[in-house]
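Enquirer: this is the structure alone, sequence omitted:
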């Protein structure tokens, strides 16, 4: 009897492994319109994302892996060794240190899925063996607690302080274990994750809502749903539902943690932007399994609030370092709560003091990716693209070894104050290095965002030169070669290498920013309207060698903000295709402030490539006016100068590349 059960379980697992190997294993999710392709199905071949993947594999991933093993800088791996009893010591580092290591591990697993590098596989097995030694018999794993249980070196008060990110760390463990399983077929890490999921199930069964609410930054919502998808254990879906049910049911909830009120009553974005976006991504995962309409209704309402009133032009989220919620509506101190690293009021989007944490911007990608999978609506893919190219990549240097915690849209040396985070990238951000591991895993996984599959056809979400080899829902194989110099050029070709036997639909994303896109098949224009902000379908019986071409014009555009965004009224930003541009002070005359530049809106904009740190970047050439008498020393206001301003030529660079030539001022928005 036992033997047959084991065999049956193995067969189910093998079947699962054959079908569910994507970043999100949603091929059996009943309320997901689109499904992920497998992690290894898409390989970058040249161009922008190949360059970025090369930086990931040659620089970022090895740098981060070594850094987190170096206990003189980061104590993350050392904490695991101490918790396992391999050496005596005390926990050091932030309470989310475990989770940071799991994120890097996830990036390694995703990289392995593409490269099949045996050295990566060996490194992962070594780390997994250590995790197994750390894990308690009941499945619990959180090194601050386990170190104290073994060595008593922290003490009860310090251990209590470390509990805030306990579930966050477990969430990243579960997600990393699922990715590792799909990349390698091994269950050694997944078995550890099952222990964690079982522990959480038992914990939330017994815990009071007050005890349960120590779970801030809820990565475990995504993690537990992914465990359900991977194992099909119904307990895990029950737990995911329970996590939403108990949220916001205590008297000590906060807007900062999105739990002052239950989620089903929330219709706007509030509080800490990373916690918020992780929550919304996790709820989207839950909806894909349950189809509860209220969850989707609230997600769509919150999405409207973020996208149309609270998101930066770069796709960044979280305008405030610190603030209060609700802001300006009450004198009652029991109503008004402090918030930090947070969404602010509608249209409250400062630039120099923007917080815009890289993790929040990655959270925006995670949330919108899941909304795209649920609905098939191109508007969500537009946000994925916007954030990836701008406010995610800006969180990392071009060489891939220095990182930003926040991503301001203006850097001015004359501001007479300093904020918590540096305006320059750093190799290690002491006590708050969470963004660097998050970027590490995200860049390793961009290939999985490029395509989705459904019964309707193959969705092309992101553009970049790659090969796709995948299996369609009907079991047929398809192979595609995509060639493009996107995002610098809008010409994209899809060559059919292996065609399915039956007619097949390709659904090409026509970006919301675009106009007058044209689709051709084998050189002949496809008749019919091509609508921006949608997926345009082409369907026929294909043969090897057929070529689909999409031509998206990419003019330079001047962008303006809603006039309710007070700080940038009567200013413009420059955008071309999906790329937001900025001005750096190295383009200006000596002793000229970045804030004195007036962009000539009637300029003839031209483009050319430059090389910065071995990367080719398309720059935009334009002209400006600079006031010759603009001293503001000991002045808050002064009359408008009657003197004629001088004209200067300027070169704008992609926003994601700012700060790579040394410390400098920078601005995205300029008066015109």
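Expert: Looks like it came in fine. Values in this document were obtained by computation on a predicted structure and should not be read as measured data.

Enquirer: wait, isn't residue 563 in contact with residue 569?
Expert: Yes. In this structure residue 563 lies within contact range of residue 569 using Cβ atoms under 8 Å: 5.7 Å. Just so you know, the C-beta spots here come from the backbone N, C-alpha and C atoms, and that holds for glycine as well.

Enquirer: between those two, who's got more neighbours?
Expert: More neighbours surround residue 569 than the other of residue 563 and residue 569, with 13 against 10 (other Cβ atoms under 10 Å).

Enquirer: which residues does that one contact?
Expert: 561, 563 (Cβ atoms under 8 Å, 6 or more residues apart in numbering).

Enquirer: for residue 324, see how far away residue 338 is.
Expert: The spacing between residue 338 and residue 324, counted by Cβ to Cβ, to the nearest Å, is 6 Å.

Enquirer: who has more neighbours, these two?
Expert: Set residue 338 next to residue 324 and count neighbours by other Cβ under 10 Å: residue 324 wins out with 19 against 12.

Enquirer: right, and that one touches residue 333 too?
Expert: No. Residue 324 lies out of contact with residue 333 (Cβ under 8 Å); the separation is 9.9 Å.

Enquirer: point out where the stretch 551-672 of the chain drops to low pLDDT.
Expert: Flagging of the stretch 551-672 of the chain using pLDDT under 70 yields an empty set of residue ranges.

Enquirer: check the chain too.
Expert: Along the chain, the parts satisfying pLDDT under 70 run over 1-20, 212-214.

Enquirer: name the residues that touch stretch 115-133?
Expert: Contact with stretch 115-133 is made by 57, 65, 77, 80-81, 84-86, 101, 105, 108-109, 111-112, 141, 173, 180, 184, 186, 188-189, 192, as judged by Cβ under 8 Å, 6+ apart.

Enquirer: pretty sure residue 131 is in a helix, no?
Expert: Yes. Inclusion of residue 131 in a helix is indicated when DSSP: H, G, I helix; E, B strand; the rest coil is applied.

Enquirer: can you tell me how far it is from residue 174?
Expert: In this view, residue 131 and residue 174 are 12 Å apart by Cβ to Cβ.

Enquirer: before we move on, the earlier item: just the contacts of stretch 115-133: which are in helices?
Expert: 65, 77, 80-81, 101, 105, 108-109, 111-112, 173, 180, 184, 188-189, 192 (DSSP state H).

Enquirer: how about the contacts made by residue 134?
Expert: Taking Cβ under 8 Å, 6+ apart as the criterion, residue 134 is in contact with 80, 83, 84, 141, 143, 146.

Enquirer: would you confirm that the last one contacts residue 85?
Expert: Looking back up the chat, that one is residue 146. No. With contact defined as Cβ under 8 Å, residue 146 does not count as touching residue 85 (9.6 Å).

Enquirer: between these two, who's got more neighbours?
Expert: Legend: neighbour count by other Cβ under 10 Å for residue 146 and residue 85, higher for residue 146 (22 against 13).

Enquirer: let me see the backbone angles for the more buried one.
Expert: For residue 146, the backbone dihedrals are phi -70, psi -30 (criterion: degrees, to the nearest 10).

Enquirer: residue 235 and residue 199 touch, don't they?
Expert: No. In this structure, residue 235 is not within contact of residue 199 by Cβ under 8 Å, at 11.5 Å.

Enquirer: the stretch 551-672 of the chain: strands as residue ranges?
Expert: 556-559, 571-576, 579-584, 597-599, 606-612, 615-626, 646-654, 666-667, 670-671 (DSSP state E, counting those that start in this stretch).

Enquirer: and the second one, what does it pack against?
Expert: Where contact means 3 or more Cβ pairs under 8 Å, 6 or more residues apart in numbering; DSSP states H and E, strand 571-576 is packed against strand 556-559, strand 579-584, strand 615-626, strand 670-671.

Enquirer: what does that strand rub up against?
Expert: Under the criterion Cβ under 8 Å, 6+ apart, residues 313, 513, 554-561, 580-581, 599, 601, 605, 607, 618, 620, 622, 652, 668-672 lie in contact with strand 571-576.

Enquirer: direction included, what does that strand pair against?
Expert: Strand partners for strand 571-576, identified by DSSP bridges, are recorded as strand 556-559 (antiparallel), strand 579-584 (antiparallel), strand 670-671 (antiparallel).

Enquirer: pull the number of nearby residues for the residue lying closest to residue 447 once chain neighbours are set aside.
Expert: Computed as Cβ to Cβ, 6 or more residues apart in numbering, the closest residue to residue 447 that is not its neighbour in sequence is residue 42, at 4.1 Å. For residue 42, the neighbour count with other Cβ under 10 Å is 25.

Enquirer: test my guess that residue 568 contacts residue 561.
Expert: Yes. Residue 568 lies in contact with residue 561 (Cβ under 8 Å); the separation is 4.9 Å.

Enquirer: what touches both of the two?
Expert: Residues within reach of residue 568 and of residue 561 at once, by Cβ under 8 Å, 6+ apart, are 349, 669.

Enquirer: of those two, which one has the most company?
Expert: Counted by other Cβ under 10 Å, residue 568 and residue 561 do not tie: residue 568 has more neighbours, with 23 against 19.

Enquirer: list the contacts for that one?
Expert: Taking Cβ under 8 Å, 6+ apart, we find residue 568 in contact with 349, 351, 561, 669.

Enquirer: distance check, the most centrally placed residue in the chain against residue 439.
Expert: Nearest to the mean C-alpha position of the chain, by Cα atoms, centre = their mean, lies residue 362 at 1.9 Å. Going from residue 362 to residue 439 by Cβ to Cβ gives 7 Å.

Enquirer: circling back to that earlier point, quick one: which of the strands of the stretch 551-672 of the chain is nearest residue 259?
Expert: strand 579-584 (33.4 Å; Cβ to Cβ).

Enquirer: which strand or helix spans residue 220?
Expert: Taking DSSP states H and E as the criterion, residue 220 maps to helix 219-231.

Enquirer: after that helix, which helix or strand is next?
Expert: Counting by DSSP H and E, the next helix or strand C-terminal to helix 219-231 is helix 234-246.

Enquirer: give me the contact list for that next one.
Expert: By Cβ under 8 Å, 6+ apart, the residues outside helix 234-246 that reach it are 197-198, 200-201, 204-205, 209, 212-213, 215, 218, 220-221, 224-225, 227-228, 263-264, 282-283, 285-286, 289-290, 295.

Enquirer: starting at the chain centroid, how far to that helix?
Expert: In terms of Cα atoms, centre = their mean, to the nearest Å, the centre of helix 234-246 is found 25 Å from the chain centre.

Enquirer: buried stuff in that helix?
Expert: 235, 236, 237, 239, 240, 242, 243, 244, 246 (16 or more other Cβ atoms under 10 Å).

Enquirer: now stretch 613-626
Expert: Buried-residue list, stretch 613-626, by 16+ other Cβ under 10 Å: 615, 617, 618, 619, 620, 622, 624, 625, 626.

Enquirer: and the residues you listed, which two are the farthest apart?
Expert: Greatest spatial distance in those: 615 and 625, 30.8 Å, computed using Cβ to Cβ.

Enquirer: so how far is residue 188 from residue 249?
Expert: Distance from residue 249 to residue 188, counting by Cβ to Cβ: 37 Å.

Enquirer: sorry, that was for residue 177
Expert: According to Cβ to Cβ, residue 177 and residue 188 sit 9 Å apart.

Enquirer: great, nothing more from me.
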